[in-house]
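1. with the input below, show me the fold.
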Amino acid sequence: MSIYVGNLSYEVNQEDLNEVFTEYGTVKRVHIPTDRETGRVRGFAFVEMESEAHEDKAIEALDGAEWMDRQLRVNKARPRENRSSFSGGRNNRF
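-> Alright, predicted model coming up:
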């Protein structure tokens, strides 16, 4: 499982997130998505920790906390929805 971390500063990097989440347990992986065209951080990240107990502890402590002048949104990441590349966000009716 992984943790969704939202409302991040656009200046954040993997080391910053690793440092914050390590306070609650062992961090296995940090992924910060970037915009395909600009390469700019998109303002959210995913953090995987060694155990669900560590994840729960981090979520409880960090959700709503202020960090880098922003109020964090931290919760369990939901599975990515399958989206058809042909639909363009619309129904597939012809």
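2. gap between Gly39 and Tyr10?
-> Separation of Gly39 from Tyr10 (C-beta to C-beta, to the nearest Å): 11 Å. From N, CA and C alone the C-beta is placed, and that goes for glycine too.
3. quick one: which of these two has more around it?
-> Tyr10 (10 against 7; other C-beta atoms under 10 Å).
4. who are the contact partners of Gln14?
-> Residues near Gln14 by C-beta atoms under 8 Å, 6 or more residues apart in numbering: Val30, Ile32.
5. quick one: the strands in this protein, in order.
-> With DSSP state E as the criterion, the chain has strands at 3-6, 27-31, 44-49, 66-67, 70-71, 73-76.
6. make CSV out of the ones you listed and add distance to Lys57, mean neighbour count and mean pLDDT.
-> Converted to CSV, the strands of the chain look like this (distance: least, C-beta to C-beta, whole Å; neighbours: other C-beta atoms under 10 Å; pLDDT from 0 to 100):
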stretch, distance to Lys57, mean neighbour count, mean pLDDT
strand 3-6, 11, 20, 98
strand 27-31, 12, 15, 97
strand 44-49, 9, 20, 98
strand 66-67, 16, 12, 96
strand 70-71, 19, 13, 98
strand 73-76, 11, 15, 97
